[in-house]
Structures are given as C-alpha cells and as structure tokens.
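[1] just coords:
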C-alpha cells in the first residue's frame with residue numbers, strides 16, 4: 001500500500017511486505033523516465049530536491065527514498081546493503097513501474113551499484129557516482145581513507161557500539177542547534193582549498209539546503225545513520241565480478257572524501273561498467289553539475305531506444 005503524505009507535504013509512504021514504512025519524495029518531471037535516487041550518508045530523501053531542476057530539464061522523474069531508520073522510514077535491525085534493491089523494487093511495484101533507473105552518490109553509490117547484481121533485469125539505467133567499494137575485496141582500504149572517514153572506519157572495526165554512540169551524539173547536536181546547523185553547514189564546507197571548497201563557495205544556497213537534508217537524517221535519532229555508516233565499509237555479499245547489469249560510474253580524480261581508487265577498482269572488475277574519470281573534480285559532483293548525471297542517463301536511454309528501433 002502506498003499513501004500520500006499529509007496535506008501540504010511532499011512526502012509519501014509505502015508499506016513494505018514486512019510491515020515497515022518506506023518514506024519517499026518525488027522530484028523532476030512527473031511524466032519523465034523513472035529513476036530511483038539513493039541518498040548519501042548522512043542524508044535523507046530530501047536530497048532529491050537538489051536534483052529537481054536538472055531532472056526536469058532532462059525528462060526524469062526522480063523518486064528519492066529514506067533508507068531504514070532515516071527520516072521517516074522504519075528502522076530495520078541487521079540491515080544489509082542488499083536490502084536496498086528489495087525495498088525500491090517493492091515501491092516500484094506499488095507505483096506500477098516494471099522497469100526503472102537508479103542513481104546514487106557517495107554513501108548512496110554502493111546501494112545503486114548493487115542493483116546491477118540484485119535486479120539487473122529491472123534496470124533501464126544505472127548511474128553510480130563516487131561510491132565506496134566492496135571492502136571485502138579491496139586490499140588495505142585504510143591506507144586511502146583520511147580524516148573523519150579514517151576515524152569512523154577504525155571505530156567500526158573496533159566496535160560498532162562506538163559508531164552508534166557517535167551518531168547518537170550527532171543527532172542530539174543537530175536537534176540542539178536547530179536552524180543554526182543549517183547555517184553551519186552552509187559555511188563549513190566552503191573553508192579551505194580544493195575543488196569541493198570551490199563548489200561550496202559557489203553554491204551557498206545548495207549548501208544550506210544540504211544542512212536541512214542532513215538534519216532530516218537524524219529525525220529518529222542516530223541509529224539509522226549508524227547502520228548506513230557501517231554499511232559503507234561492509235562486505236557486499238558477492239564479488240564485484242558478479243555485477244551483471246550495465247553501470248555508468250563517475251568519480252572525481254581529486255575526491256578527498258571517497259578515494260578515486262575505490263571507483264576505479266569497481267570499474268576494473270565489474271564486467272559491464274563504463275568508467276567516467278572526471279579530471280580535477282572532487283566529491284561534490286551532484287552539487288557541481290547535476291546535469292552531468294542526467295545527461296549520462298539520457299545518452300544511455302537514447303542509445304538503447306535507437307538500438308531497439
């Protein structure tokens with residue numbers, strides 16, 4: 001069962017087969033090609049708002065869901081990466097969508113990539129952006145992680161309880177700061193050097209919106225974000241060589257948050273992956289040029305239609 005949100009709300013809900021609630025929003029062209037969007041970490045379904053204008057320009061209907069325990073979606077103990085394609089597949093059925101595309105960046109990238117393993121027959125297009133890789137295969141990933149990611153990875157290895165505690169504290173801080181958190185988010189990323197700081201300085205309104213998007217991730221507390229975080233460093237449950245579906249993978253060569261080598265590693269092993277190395281780009285690809293994501297998807301779909309015509 002799929003239900004619209006309350007009056008004046010852009011959020012709808014879907015009842016999953018196990019009784020959980022899956023919350024989602026729609027953006028872009030309502031009559032466009034359907035494309036499920038996987039948000040980053042920490043983030044929420046509201047991230048899709050950043051894609052609305054570009055999706056409309058390129059004729060895509062973006063369906064952006066909250067993962068379990070995030071925003072308004074029911075928490076799922078023991079959640080794994082492969083639960084994501086099951087959930088969006090159920091929502092697609094409820095929406096009457098036999099086939100659809102998927103896209104996701106950063107912490108959402110792996111969720112998008114695994115769809116090429118779990119549900120390739122249902123996918124029209126898969127655009128995976130700056131993803132984490134399968135840590136069960138990648139040799140010594142800790143040698144490439146830096147800053148907060150390196151610290152979080154070590155905590156996850158030592159004790160998941162530490163990650164839950166930190167995310168719980170983050171939830172309390174976000175709630176305590178209120179709108180001041182949005183103001184902080186709008187300025188924090190713009191400090192320093194590098195391509196991402198330049199993108200942040202050029203897009204203050206989008207950075208403020210990211211503050212609201214991130215705050216929504218903690219609407220139920222920190223445990224959903226904690227699970228999302230640990231999944232980034234998990235065993236995907238299969239080998240990268242088993243990714244049968246076609247993938248377009250985009251990664252910036254100057255990404256300081258998710259190493260470029262992670263994307264390259266997937267592309268070198270997935271049998272049907274087209275790798276787009278973005279020279280000089282950082283991590284904020286969807287903020288810098290959301291049009292690039294949809295242009296890539298549109299070329300793929302147009303090529304398929306011409307080939308079948």
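    Structure's in. What do you need? These numbers were taken from a predicted model, which means no experiment stands behind them.

[2] Just after the lowest-mean-pLDDT helix or strand in the chain, pick out the following helix or strand.
    In the chain, no helix or strand scores lower on mean pLDDT, DSSP states H and E than strand 2-3, which sits at a mean of 50. Sequence-wise, the next helix or strand downstream of strand 2-3 (DSSP states H and E) is strand 11-15.

[3] Could you name the helices and strands sitting against that following strand?
    Counting contacts by 3 or more CB pairs under 8 Å, 6 or more residues apart in numbering; DSSP states H and E, the secondary-structure elements packed against strand 11-15 are strand 2-3, strand 21-28, helix 83-94. Any C-beta I mention is one placed from the backbone N, CA and C, and that applies to glycine too.

[4] Spatially central residue for the protein, please.
    When the chain is reduced to its mean C-alpha position, the closest residue under CA atoms, centre = their mean turns out to be residue 108, at 2.2 Å.

[5] For that residue, give me its contacts.
    Contacts here follow CB atoms under 8 Å, 6 or more residues apart in numbering; on that basis residue 108 touches 37, 38, 39, 40, 41, 43.

[6] ok, so what distance separates residue 65 from residue 277?
    29 Å (CB to CB, to the nearest Å).

[7] Just give me the neighbour total for residue 109.
    Using other CB atoms under 10 Å, the number of residues around residue 109 comes to 28.

[8] picking that back up, show me the two of the contacts of residue 108 that sit farthest apart.
    When the contacts of residue 108 are compared pair by pair using CB to CB, the two farthest from each other are 37 and 41, 13.8 Å apart.

[9] between those two, who's got more neighbours?
    Under the criterion of other CB under 10 Å, the comparison of residue 37 against residue 41 puts residue 37 first, with 32 against 23.

[10] Please give me every residue in contact with the more buried one.
    For residue 37, the contact set (CB under 8 Å, 6+ apart) comprises 47, 48, 51, 62, 63, 64, 65, 102, 103, 104, 108.

[11] swap the cut-off to 10 Å and go again
    Contacts of residue 37 were listed using CB atoms under 10 Å, 6 or more residues apart in numbering, and they are 24-28, 45, 47-48, 50-51, 55, 60, 62-65, 88, 101-105, 108, 111-112, 127, 286, 293.

[12] Doesn't it lie inside a helix?
    No: looking at residue 37 with DSSP: H, G, I helix; E, B strand; the rest coil, it is strand, so not inside a helix.

[13] which non-adjacent residue is nearest it?
    Counting by CB to CB, 6 or more residues apart in numbering, residue 64 is the residue found nearest to residue 37 once chain neighbours are left out, at 4.2 Å.

[14] ok, the one you found - how many residues close by?
    By the other CB under 10 Å criterion, the neighbourhood of residue 64 contains 30 residues.

[15] Could you double-check that it sits in contact with residue 40?
    No: when contacts are counted by CB atoms under 10 Å, residue 64 is not listed as touching residue 40 (11.3 Å).

[16] what touches both of the two?
    In terms of CB under 10 Å, 6+ apart, residue 64 and residue 40 are both contacted by the residues 47, 104, 108, 213.

[17] ok, those residues vs residue 256, which is closest?
    Sorting the shared contacts of residue 64 and residue 40 by distance to residue 256 puts residue 108 at the head of the list, at 18.2 Å, by CB to CB.

[18] wait, what's in contact with residue 154?
    Contacts here follow CB under 10 Å, 6+ apart; on that basis residue 154 touches 142, 145, 162, 233.

[19] any chance you could map the strands in the stretch 101-250 of the chain?
    With strands called from DSSP state E, counting those that start in this stretch, the stretch 101-250 of the chain shows them at 123-129, 247-252.

[20] Please identify which of those is closest to residue 82.
    For residue 82, the closest of the strands of the stretch 101-250 of the chain is strand 123-129, at 14.9 Å, according to CB to CB.

[21] Quick one: distance of the closest one to the chain centre.
    Centroid displacement of strand 123-129 relative to its chain, using CA atoms, centre = their mean, to the nearest Å, is 12 Å.
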